[in-house]
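Trainee: The sequence isn't on hand, but the structure is:
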């Protein structure tokens, strides 16, 4: 076996191990809570030694951060949301209504993945203030995504000319939030599909000149 193949095989095995640990951590954090779950529990579910978790992630805090980052992205590829195919496809649409529909449709799966972990994160920060220090202070990455969307969407035909880009960004940020998704889907029992349709129609009234079906 060549050295290249050996390296490739080791790299693939390391990625699979990392993915198993993250999957186990996500399952246990959501089911049992951040505080209750320890690294030994995660190691047993993932089928690895607890030393492996320390080697790969360092500690429980950094494991949670990696879990949040991977959950937002949907995979462990180093590709920002702004460069994801679904986001780029939405940005490339020719009118505001089509853009809004594509953006809401693309955001819903992200919210479905992220919302349960956000609850875990909120609890973790309340229990351990050092968790919040893992994310640098400054602009919220989610607001950057919505601001980028708003700048493009509000410049297209069909957007309301009386709505400033900054206001549009804030409206998108508020209605496409994990907190609102959790409130309506987890607490009020809406289906994700119902949430998607409602939030699109609500945003359309706020941002489009003719908020009809798209």
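Mentor: Thanks, I have the structure now. Small disclaimer: the values here were computed from a predicted structure and weren't measured. Residues are numbered from 1 along each chain as shown.
Trainee: When you work out contacts or count neighbours from here on, use the C-alpha atoms and nothing else.
Mentor: OK.
Trainee: which phi and psi does residue 128 have?
Mentor: With angles defined as degrees, to the nearest 10, residue 128 sits at phi -140, psi 90.
Trainee: Could you report the distance from it to residue 67?
Mentor: When distances are taken as CA to CA, to the nearest Å, residue 128 and residue 67 turn out to be 17 Å apart.
Trainee: neighbour count winner among these two?
Mentor: A count of neighbours by other CA atoms under 10 Å puts residue 67 above the other of residue 128 and residue 67, at 21 against 13.
Trainee: Work out for me the element the more buried one sits within.
Mentor: Counting by DSSP states H and E, the element that carries residue 67 is helix 60-73.
Trainee: quick one, longest helix in the chain?
Mentor: Longest helix in the chain by number of residues (criterion: DSSP state H): helix 96-127.
Trainee: can you give me the offset of that helix from its chain's centre?
Mentor: Centroid separation between helix 96-127 and its chain, computed with CA atoms, centre = their mean, to the nearest Å, is 5 Å.
Trainee: what angle separates the helix or strand following that helix from helix 96-127?
Mentor: On the C-terminal side of helix 96-127, the closest following helix or strand by DSSP H and E is helix 141-153. Per axes from the mean of the first three to the mean of the last three CA atoms, to 10 degrees, the angle that helix 141-153 makes with helix 96-127 is 170 degrees.
Trainee: got a list of contacts for helix 141-153?
Mentor: 81-82, 91, 95-96, 99-100, 159, 165-166, 168-170, 172-173 (CA atoms under 8 Å, 6 or more residues apart in numbering).
Trainee: In these, find the pair that's most separated.
Mentor: The distance between the two most remote of the contacts of helix 141-153 (CA to CA) is 23.2 Å, for 81 and 159.
Trainee: Comparing the two, which residue is more hemmed in?
Mentor: residue 159 (22 against 18).
Trainee: what's the spacing between the residue nearest to the spatial centre of the chain and residue 188?
Mentor: Centroid check for the chain by CA atoms, centre = their mean gives residue 72 as the closest residue, at 2.5 Å. Separation of residue 72 from residue 188 (CA to CA) stands at 23 Å.
Trainee: cool, and residue 60?
Mentor: In this view, residue 60 and residue 188 are 32 Å apart by CA to CA.
Trainee: burial count for residue 147?
Mentor: If you count neighbours by other CA under 10 Å, residue 147 ends up with 21.
Trainee: And it, what's its pLDDT?
Mentor: At residue 147, the pLDDT value in this model is 97.
Trainee: what do you get for residue 109?
Mentor: pLDDT, the model's per-residue confidence, is 91 for residue 109.
Trainee: Quick one: low-confidence residue ranges for this protein.
Mentor: In the predicted model of the chain, residues 1-7, 75-79, 135-139, 212-214 satisfy pLDDT under 70.
Trainee: Moving along the chain from the helix holding residue 67, name the first helix or strand you hit.
Mentor: helix 85-91.
Trainee: which residues are contacting that following helix?
Mentor: Here helix 85-91 makes contact (CA under 8 Å, 6+ apart) with 81-82, 98-100, 102-103, 106, 149, 152-153.
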